[in-house]
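>>> Next one to model:
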Amino acid sequence: MITIDGSQGEGGGQIVRTSLALAAITGTPVTIERIRAKRPKPGLQRQHLVAVQAAARVSGGQVEGAELGSRALTFHPQQPTAGDWHFDIGSAGSCTLVLQTVLPILLHATGGSTVTITGGTHNGMAPPVEFLAESFLPVLHRVGISATVEVQRHGFYPAGGGAIRTTIQPAFGSNSSSVPFELLERGKALDRRAEVLIANLPAHVASREAQALKHGLHWSHSEVDEREVRADGPGNVIIARLRFANVTTVVSAFGELRKAAEQVAQEAVQQIRRHLEAGVPVCEHLADQLLLPLALGAGGRFRTVKPSEHLTTNAAIIARFLGEVVTWEEQGADDWLVTVTGR
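Below is the predicted model of the structure:
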């Protein structure tokens with residue numbers, strides 16, 4: 001039994017998700033205490049509870065403390081099990097964060113799986129589906145991991161009502177083809193595009209954001225699109241894609257009640273500028289997501305911006321199960337080399 005302090009580091013839901021996944025994969029029971037202690041609403045919220053329940057279902061495990069608001073739980077996993085899985089968050093909680101819990105587990109199953117999750121597809125506190133589909137999963141494909149994800153319905157905060165569907169093939173079995181990963185250079189710039197999505201909002205919101213993006217980045221009209229999508233409630237997000245020969249970076253900025261369209265666009269502009277100026281191939285958000293699959297596979301190394309608290313916390317949780325396998329070293333201003341030792 002491993003005991004995890006859920007208040008350490010960034011003190012959020014990522015500690016729960018990584019702990020559940022590693023417990024299921026290694027067959028190690030885990031107790032997580034002080035869950036989300038550093039959040040305004042500590043304890044398990046809807047999306048965290050569904051992630052706990054999903055981890056238990058896909059591993060045939062048992063869990064104590066799986067209830068809304070719970071600040072401690074104990075998880076006894078069995079074995080990753082392939083299947084056609086459906087999970088309903090029942091709120092605008094993030095579908096992608098629930099997926100990040102079960103994805104590594106199902107990669108260790110003996111057969112392929114499909115996972116359908118209903119809830120929020122675009123939530124300001126989580127990576128959007130486009131990040132997983134166009135940045136994270138294509139990078140994992142390079143180390144022998146085969147998974148796809150698509151939006152079936154858009155769901156924004158607070159209405160929810162969205163859905164995603166994922167297909168996952170096993171990657172870490174006896175016939176695994178996992179190879180060491182290396183991403184040290186972006187390669188040649190190939191394309192850059194941004195898309196402003198709105199649902200149940202006036203068209204001028206998208207137009208103002210698009211205009212502010214083009215002005216702030218000096219991008220052409222053909223590089224910024226506007227699109228209205230169907231959803232149960234109002235919603236707005238900017239998705240920008242920076243495509244290089246070796247990696248695609250996906251940047252997002254979310255509209256909120258009483259936040260000006262120009263402010264949303266400026267948030268996207270600042271993220272894009274920082275990434276381009278740093279010159280590294282791996283953005284802040286992709287960096288912490290890569291640790292777990294690399295640690296479970298053949299390892300590897302990549303260059304990124306200064307490690308975030310999410311990254312350092314994730315590395316600390318991984319260390320409790322697999323040992324000190326993640327290191328990072330500063331190479332220059334906003335240029336760090338992260339090395340992960342595989343199993």
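>>> Leaving out the residues flanking it, which one is nearest to the residue nearest the centre of the chain?
Nearest residue to the geometric centre of the chain (Cα atoms, centre = their mean): Pro127, 4.9 Å. In space, and not counting its chain neighbours, Pro127 is closest to Thr96: 5.3 Å by Cβ to Cβ, 6 or more residues apart in numbering. Where you see a C-beta, it was placed from the backbone N, CA and C, and this is true even at glycine.
>>> separation between that neighbour and His218?
31 Å (Cβ to Cβ, to the nearest Å).
>>> Please apply the same query to Pro170.
Distance, Pro170 to His218, using Cβ to Cβ: 46 Å.
>>> more neighbours, these two?
Pro170 (20 against 7; other Cβ atoms under 10 Å).
>>> which residues touch that one?
Ala82, Leu106, Leu107, His108, Ala109, Thr110, Gly111, Gly112 (Cβ atoms under 8 Å, 6 or more residues apart in numbering).
>>> same check, this time on Ile272
Leu217, Ala240, Leu242, Val251.
>>> Among these, name the ones in helices.
Cross-referencing the contacts of Ile272 against helices under DSSP state H gives Leu217.
>>> Among the contacts of Ile272, pick out the one closest to Ala55, please.
Val251 (29.4 Å; Cβ to Cβ).
>>> I figured the closest one hits Gln271, correct?
Yes - counting by Cβ atoms under 8 Å, Gln271 is a contact partner of Val251 at 4.7 Å.
>>> joint contacts of these two?
Ala240.
>>> Have a look at the two and say which one is more surrounded.
Higher neighbour count among Val251 and Gln271: Val251, with 24 against 19, using other Cβ under 10 Å.
>>> How about the contacts made by the more buried one?
The neighbours of Val251, taking Cβ under 8 Å, 6+ apart as the test, are Ile238, Ile239, Ala240, Arg241, Leu242, Ala268, Gln271, Ile272, His275, Cys283.
>>> What about those residues, which one has the most neighbours?
Highest neighbour count within the contacts of Val251, by other Cβ under 10 Å: Ile238, with 27 neighbours.
>>> Can you name every helix or strand that the helix or strand hosting that residue contacts?
Counting by DSSP states H and E, the element that carries Ile238 is strand 235-244. Contact partners of strand 235-244 among helices and strands, from 3 or more Cβ pairs under 8 Å, 6 or more residues apart in numbering; DSSP states H and E: strand 189-199, helix 203-217, strand 248-254, helix 261-278.
>>> do you know which of the ones you listed lies nearest Thr26?
Nearest of the helices and strands packed on strand 235-244 to Thr26, taken as Cβ to Cβ: strand 248-254 at 30.5 Å.
>>> Within the sheet, what are the partner strands of that closest one, with directions?
Here strand 248-254 is paired, per DSSP bridges, with strand 235-244 (antiparallel).
>>> Could I get the helices and strands packed on strand 235-244 in TSV, plus columns for distance to Ala231 and mean pLDDT?
Listed next are these as TSV, based on distance: least, Cβ to Cβ, whole Å; pLDDT from 0 to 100:
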stretch	distance to Ala231	mean pLDDT
strand 189-199	4	98
helix 203-217	14	98
strand 248-254	13	98
helix 261-278	17	97
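>>> Ok, which of those comes nearest Gly299?
Closest to Gly299 of these is strand 248-254 (Cβ to Cβ; 22.5 Å).
>>> For that closest one, output the C-alpha coordinates as CSV.
C-alpha atoms of strand 248-254 as CSV (Å, rounded to 0.1, in the frame of the first residue of the first chain):
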residue,chain,number,x,y,z
THR,A,248,2.3,20.3,-33.4
THR,A,249,1.6,22.7,-30.6
VAL,A,250,-2.0,23.4,-29.7
VAL,A,251,-2.8,26.6,-27.8
SER,A,252,-6.3,27.4,-26.3
ALA,A,253,-7.9,30.4,-24.7
PHE,A,254,-11.5,30.3,-23.3
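>>> how far out from the middle of the chain is that strand?
Counting by Cα atoms, centre = their mean, to the nearest Å, strand 248-254 is centred 12 Å from the centre of its parent chain.
>>> Let me know the angle separating it from helix 261-278.
On the basis of axes from the mean of the first three to the mean of the last three Cα atoms, to 10 degrees, strand 248-254 is oriented at 150 degrees to helix 261-278.
>>> Name the residues of strand 248-254 that are buried.
Thr248, Thr249, Val250, Val251, Ser252, Ala253, Phe254 (16 or more other Cβ atoms under 10 Å).
>>> for stretch 324-337, same thing?
Counting neighbours by 16+ other Cβ under 10 Å, the buried set in stretch 324-337 is Val325, Val326, Trp328, Asp334, Trp336, Leu337.
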